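Asker: got a predicted model here, sequence first, then my questions.
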Amino acid sequence: MLNRFERFSYAISEISRYWHKIAADEMEKYGLKGPFSVYLITLRHHEEGLTAVRLGELCGRDKSDVSRAVTILEKNGFVTKKRVGHNLYRANICLTDVGKTAADYIAERADLAVQMGGQGISDQERTVFYNTLEKIAANLQEVSKDGLPKA
């Protein structure tokens, strides 16, 4: 019998693995890697655009990852940078029309994946699950800041 830690770790790992595979399969159509999906979907919710720093915060990614992704997305015509002031340092990253089309498609496919992944789960179970998952994430965030208590 698996203990709570093993069940939790295994389930989270499996969900992440399959989610990344699905994202990679869907992003292949655009010649992009799976993790780029989160950038497109996040930018889709911010028509005015986001700075690279804010995009990283919302996507849970570091500056170097965001910078590399934005460079590739811009090179492939999915995003553009809009100047703020006289330079591009704090530019807003915005979806192009091509990027909006791709983001809409990816969001639709992500919704379908989530729907299929949640088959057999009632609305009440789903509510409890998400509330519980958010609480676990918040608790682990605090533990990661403070560290585990000394034994």
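Answerer: That came through, no problem.
Asker: gap between the most centrally placed residue in the chain and Ala138?
Answerer: Residue closest to the mean C-alpha point of the chain, counted by CA atoms, centre = their mean, is Val38 at 3.6 Å. Val38 is 20 Å from Ala138, where distance means CB to CB, to the nearest Å. Yep, even glycine has a C-beta here, placed from its N, CA and C like the rest.
Asker: over to Leu95?
Answerer: Going from Leu95 to Ala138 by CB to CB gives 30 Å.
Asker: those two: which is more packed in?
Answerer: Taking neighbours as other CB atoms under 10 Å, Leu95 and Ala138 compare with Leu95 leading, 22 against 10.
Asker: quick one, phi psi at the nearest residue to that one once chain neighbours are set aside?
Answerer: When the adjacent residues along the chain are set aside, Leu95 lies closest to Leu43, with 5.0 Å between them (CB to CB, 6 or more residues apart in numbering). With angles defined as degrees, to the nearest 10, Leu43 sits at phi -60, psi -30.
Asker: any chance you could map the strands in this protein?
Answerer: 79-84, 87-95 (DSSP state E).
Asker: for the ones you listed, which one sits closest to Val66?
Answerer: strand 87-95 (8.7 Å; CB to CB).
Asker: how close does Ser9 sit to Tyr130?
Answerer: Distance, Ser9 to Tyr130, by CB to CB: 19 Å.
Asker: what's the burial count for Ile106?
Answerer: As a burial measure, Ile106 scores 24 neighbours (other CB under 10 Å).
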